[in-house]
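J.: here is the input, now give the coordinates:
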Amino acid sequence: MYDRALAGYENALGTEHKSTLDTVNNLGNLHSDLGRLEDAEMMYDRALAGKEKALGPGHTSMLDTVNNLGILYKKQGRLKDAEMMYDRALASYEKALGPGHTSTLDTVEPGEPLL
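T.: Next up is the predicted model:
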């Protein structure tokens, strides 16, 4: 279903639209849940690059993908890469939303991918 939605969003809105990129991120979540970690990484990398370009480096939607990459890197045993992603997400969430916001707190205690 995500593949179908992604094709529709790409056709209707383009590859760099937030809705398209959110679907790419969600495909990353699905691949990660299914244990397809290389596919998940490709989706997260695509979503992150597009969101950074379209939304800017501090947009919370982009930060969700940064955090998801941290979770993925942890699953892959790439702990230094995971720490860098968590630190990046945490600093930006604190700046954008404050230290007590639930998205900030989810980054402090990472577990499940953020939407």
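J.: any regions of the protein where pLDDT drops low?
T.: Within the chain, the segments meeting pLDDT under 70 span 108-115.
J.: hey, where'd the helices end up in it?
T.: 2-13, 18-33, 37-55, 60-75, 79-97, 102-108 (DSSP state H).
J.: rebuild the ones you listed as CSV, extending it with mean neighbour count.
T.: To be clear about C-beta, it is placed using only N, CA and C from the backbone, and glycine gets the same treatment. Shown next, in CSV, are the helices of the chain (neighbours: other CB atoms under 10 Å):
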stretch, mean neighbour count
helix 2-13, 14
helix 18-33, 21
helix 37-55, 19
helix 60-75, 23
helix 79-97, 17
helix 102-108, 17
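J.: out of everything not next to it in sequence, what's closest to Leu79?
T.: Tyr73 (7.4 Å; CB to CB, 6 or more residues apart in numbering).
J.: whoops, I mixed them up, Leu48
T.: Thr65 (4.7 Å).
J.: and what of Tyr93?
T.: Using CB to CB, 6+ apart, the nearest residue to Tyr93 is Thr104, at 4.1 Å.
J.: these two touch, right, the residue nearest to Leu48 and Asn25?
T.: Yes: using CB atoms under 8 Å, Thr65 is in contact with Asn25, at 5.1 Å.
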